[in-house]
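Novice: coordinates only, sequence not included:
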């Protein structure tokens, strides 16, 4: 069971959010979307669009509030009392944490199209301008003298996907698990600090100017490089993992807030043409294939393998690689938590 020194602070935050909801009963109805780290900008654009459409359709006002952080940390926060109406998390396995806790119904993946995945993504590399260390592929990350920036798999979906991307890049190309273990061992020897989440690692790499390469979400890389004014660039490795961020109504909390219908409408909106276009414009790969094709230049083709390349499913992958006796703890024992 997840409980630490931050639990009291979490309860205080949760109580404050509930108080806020109750106090504002006479104003716009509020939904809380608990999401993973780098979705801040895209939901800042999507949420007011949904509110406008909802008001036009129903005559009712709704405002969507955001909570962002490392995906697994966010799932645990909801499990401990953060009063989310919906979750939009990095991995299906993070929502499964809430299903096992009785907060999300067992049929959550069948409630919305594409297994409740409004888009997919992947992990790419961000390097300094001119790529002075000549980093092109996953094996380059394990070379001596390369400083890698990536989040902690214990708290971050980005962190888990970076590890699985490296491991799976070996398996996908016909390598063995021993060879995959050798690569990730070398790679994580080159990681000096594991950030709590994707944005934390971005700040380390971009603002603190630490590291030679950052392993991050494609959308985060696109945003980061655009803001760097030529100081950073993206490297697409030849092969990477297909990330499958997923969404769900937090049924237990939505029932308490009487927000089930509004929460469902909000998540359904994420699959609309309007929202799908916004996702694509922000560097996400929309589940709507026609809209994805319109943005093919900005979102180039890349060979992506699914989690089933390295495990039966997401839950098995999390246990195999990041559980208490998982491979990550073996290859990186002094820096796991």
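Specialist: Looks like it arrived, so ask away. Since this is a predicted model, take the numbers as computed values, not measurements. Numbering: from 1, shown residues only.
Novice: what sits against the closest residue in space to residue 199 that isn't next to it in sequence?
Specialist: What sits nearest to residue 199 in space, not counting adjacent residues and going by Cβ to Cβ, 6 or more residues apart in numbering, is residue 37, at 4.6 Å. All C-beta atoms are positioned from the backbone trio N, CA, C, and that covers glycine. By Cβ atoms under 8 Å, 6 or more residues apart in numbering, the contact list for residue 37 reads 68, 69, 70, 71, 151, 156, 157, 158, 197, 198, 199, 200.
Novice: show me those residues that map onto helices.
Specialist: 71, 157, 158, 198, 199, 200 (DSSP state H).
Novice: the fifth one: neighbouring residues, count only.
Specialist: Residues lying near residue 199 (other Cβ atoms under 10 Å) number 23.
Novice: separation between it and residue 285?
Specialist: Per Cβ to Cβ, to the nearest Å, residue 199 is found 20 Å from residue 285.
Novice: ok, now the first one?
Specialist: The span separating residue 71 from residue 285 equals 18 Å under the rule Cβ to Cβ.
Novice: those two: who's more crowded?
Specialist: Set residue 71 next to residue 285 and count neighbours by other Cβ under 10 Å: residue 71 wins out with 32 against 22.
Novice: shouldn't that one be in contact with residue 152?
Specialist: No: contact criterion Cβ atoms under 8 Å: residue 71 and residue 152 do not qualify, at 11.4 Å.
Novice: got the phi/psi numbers for the residue nearest in space to the middle of the chain?
Specialist: Nearest residue to the geometric centre of the chain (Cα atoms, centre = their mean): residue 90, 3.1 Å. The phi/psi pair for residue 90 (degrees, to the nearest 10) reads phi -70, psi -30.
Novice: not counting sequence-adjacent ones, nearest residue to it?
Specialist: That would be residue 157: by Cβ to Cβ, 6+ apart, it lies 2.5 Å from residue 90.
Novice: doesn't residue 38 make contact with the one you found?
Specialist: No: counting by Cβ under 8 Å, residue 38 is not a contact partner of residue 157; they are 9.7 Å apart.
Novice: joint contacts of these two?
Specialist: In contact with both residue 157 and residue 38: residue 198, using Cβ under 8 Å, 6+ apart.
Novice: sorry, back to before: the residue nearest to residue 90: what's it in contact with?
Specialist: Residue 157 neighbours (Cβ under 8 Å, 6+ apart): 36, 37, 70, 71, 72, 89, 90, 91, 94, 198, 243, 245.
Novice: please enumerate the helices of the stretch 1-150 of the chain.
Specialist: 7-23, 40-58, 71-79, 92-100, 113-116 (DSSP state H, counting those that start in this stretch).
Novice: for the stretch 201-337 of the chain, same thing?
Specialist: Here the stretch 201-337 of the chain has its helices, by DSSP H, counting those that start in this stretch, at 218-227, 251-257, 260-269, 273-281, 289-294, 314-322, 327-331.
Novice: output the contacting helices and strands for the fifth one.
Specialist: Using 3 or more Cβ pairs under 8 Å, 6 or more residues apart in numbering; DSSP states H and E, the elements in contact with helix 289-294 are helix 273-281.
Novice: pLDDT score for residue 296?
Specialist: pLDDT recorded at residue 296 is 85.
Novice: any idea how far it lies from residue 330?
Specialist: Noted for residue 296: a distance of 40 Å to residue 330, by Cβ to Cβ.
Novice: more neighbours: these two, which one.
Specialist: residue 330 (13 against 10).
Novice: ok, the more buried one to residue 290 distance?
Specialist: Separation of residue 330 from residue 290 (Cβ to Cβ) stands at 44 Å.
Novice: returning to that earlier point: can you tell me how far the residue nearest to residue 90 is from residue 290?
Specialist: Distance of residue 157 to residue 290, computed by Cβ to Cβ: 27 Å.
Novice: cool, residue 133 as well?
Specialist: The spacing between residue 133 and residue 290, counted by Cβ to Cβ, is 39 Å.
Novice: neighbour-wise, which of those two wins?
Specialist: For residue 133 versus residue 290, the count of surrounding residues by other Cβ under 10 Å is larger for residue 133: 16 against 9.
Novice: was I right about that one contacting residue 127?
Specialist: Yes: counting by Cβ under 8 Å, residue 127 is a contact partner of residue 133 at 7.1 Å.
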